[in-house]
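> Predicted coordinates and the sequence they were generated for:
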Amino acid sequence: MDEAPPPLDPREEFFELVSSVRALVGFHEMTGAWGLPLHGPGGPSVVEEAPAAQAPVMPTTPTPSAPEQGRSYAAAPGPGRAFVAPTFAMPQAPVAAPVQQASPARAPSLRAEMLTPEARVERLHLLQAEVAGCTRCGLSVTRTNTVFARGNPLSDLCFVGEGPGFDEDLSGEPFVGPAGQLLDKMIVAMGYRRDEVYICNIVKCRPPENRKPDPDEMEACRGYLVTQLELVRPKFIVALGATAIQGLLGTTEGITRLRGKWKMYKGVPVMPTFHPAYLLRQPTAKRDTWTDLQEVMARLGKKPPVRA
Ligand code: SF4
């Protein structure tokens, strides 16, 4: 006759119960089914970090008098993409006195690979709203607008630059000045439309006088970029300039040594190359940059457009 199983240790029973509840809560949090106020070691999630007072009401149609600030996501899905990202004006929260945070912006504890494309774009909107009210570093004092991103948030290809310049600070869009116009030409030369790729920066506010962002400013802003890239899920990243590759990988090596050599960021191949602003000053470096971009095109199976 079988012996009756020994009674379960109450402590084991308790641990089993706790781990079951944790697994269930984690699943619902990851799939976005619940908005539970969970705060893991990485801090609150994107949804939780968008405070009601700062989260703007997203208009279904742009209000003519509303300032065109922080706009992004020109709807330009790539071939085969069913989802069309909305374009809308994102009102900015008023800039408050800077509050130096003890900890940097943190990535949310979400599993972006489990989200639908629509949910990823929605979370990007929430993140953009959070960035619009951010005062985590001193750049919030001198900025006119935060600059979140432009292009297709579901693109396979993402360009990461350093930070907004004069024109970007005024418009709220990245890469719209002379360097941006050159970047657009590079993108077209690669066989993409301007808005078919995703473009963002290491820091979301303009450093005064277009100086390089300080390490503490880059660190304060890092969580936003980490989350942004988790949600966009590009297959390839092009890092534009030394600051971009430094912000992504933490390396201090110069771009001249790094360019043209594949690196990895959280499992995503990264191609470092020169920043378009540098190419405006050093046009002879365009040839190397084109070589780097051709490496990316080869991996993506892209060919330059045939000229008429
Ligand atoms: Fe916040 Fe980044 Fe702007 Fe600093 S640069 S205020 S961390 S959004």
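Cool, got the structure. Numbering: from 1, shown residues only.

> doesn't Leu170 make contact with Gly177?
No - if you go by C-beta atoms under 8 Å, Gly177 and Leu170 don't touch, sitting 9.4 Å apart. Where you see a C-beta, it was placed from the backbone N, CA and C, and this is true even at glycine.

> more neighbours, the two?
The residue with more neighbours, out of Gly177 and Leu170, is Gly177; 21 against 16, by other C-beta atoms under 10 Å.

> secondary structure element for the nearest residue to the more buried one once chain neighbours are set aside?
In space, Gly177 comes closest to Asp167 once its chain neighbours are excluded; the distance is 3.5 Å by C-beta to C-beta, 6 or more residues apart in numbering. According to DSSP states H and E, Asp167 maps onto helix 166-171.

> buried set for that helix?
Using 16 or more other C-beta atoms under 10 Å as the test for burial, helix 166-171 gives 167-171.

> What sits closest to Thr144 if chain neighbours are left out?
Nearest residue to Thr144 in three dimensions, chain neighbours excluded: Asp169, at 4.8 Å (C-beta to C-beta, 6+ apart).

> for Cys200, same thing?
Ala149 (4.1 Å).

> And that neighbour, how close does it get to the ligand?
12 Å (C-beta to the nearest ligand atom, to the nearest Å).

> okay, that residue: pLDDT?
For Ala149, the pLDDT comes out at 98.

> quick one, phi psi at it?
phi -170, psi 170 (degrees, to the nearest 10).

> these two touch, right, it and Gly172?
No - counting by C-beta under 8 Å, Gly172 is not a contact partner of Ala149; they are 10.4 Å apart.

> Which SSE is immediately downstream of the worst-scoring helix or strand of the chain on mean pLDDT?
Across the helices and strands of the chain, mean confidence by mean pLDDT, DSSP states H and E is lowest for helix 46-49: a mean of 32. Per DSSP H and E, helix 46-49 leads on to helix 117-132 as the next helix or strand towards the C-terminus.

> Can you pull the residues of the chain lying near the ligand?
Within the chain, the positions near the ligand by C-beta under 6 Å from any ligand atom are 105, 131, 134-137, 139-140, 146, 203-205, 217, 220-221.

> Closest to Gly260 out of the residues you listed?
Checking the residues of the chain next to the ligand against Gly260 with C-beta to C-beta, the nearest one is Val203 at 25.0 Å.

> That closest one - how many residues pack around it?
Using other C-beta under 10 Å, Val203 is surrounded by 28 other residues.

> That one: what's it in contact with?
Contacts for Val203 (C-beta atoms under 8 Å, 6 or more residues apart in numbering) come out as 139, 162-164, 213, 217-218, 221, 247.

> Buried subset of those as a PyMOL selection?
Here is the PyMOL command that picks out the buried ones among the contacts of Val203, judged by 16+ other C-beta under 10 Å:
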select buried, resi 139+162+163+164+213+217+218+221+247
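
> Direction included, what does the host helix or strand of Phe159 pair up with?
Phe159 belongs to strand 157-161 when assigned by DSSP H and E. Paired with strand 157-161 in the same sheet, following DSSP bridges, are strand 198-201 (parallel), strand 236-240 (parallel).

> what's the angle between the very next helix or strand once past the longest one and strand 157-161?
It refers to strand 236-240. Sequence-wise, the next helix or strand downstream of strand 236-240 (DSSP H and E) is helix 242-249. On the basis of axes from the mean of the first three to the mean of the last three C-alpha atoms, to 10 degrees, helix 242-249 is oriented at 120 degrees to strand 157-161.

> helices or strands next to helix 242-249 in the packing?
Applying 3 or more C-beta pairs under 8 Å, 6 or more residues apart in numbering; DSSP states H and E, one finds that helix 242-249 makes contact with strand 157-161, helix 215-232, strand 236-240, helix 255-258, strand 263-265, strand 268-273.

> Show residues contacting it.
For helix 242-249, contacts defined as C-beta under 8 Å, 6+ apart pick out 160-163, 201-203, 212-213, 218, 222, 225, 237, 239, 251-255, 258, 263, 265, 270, 272, 275.
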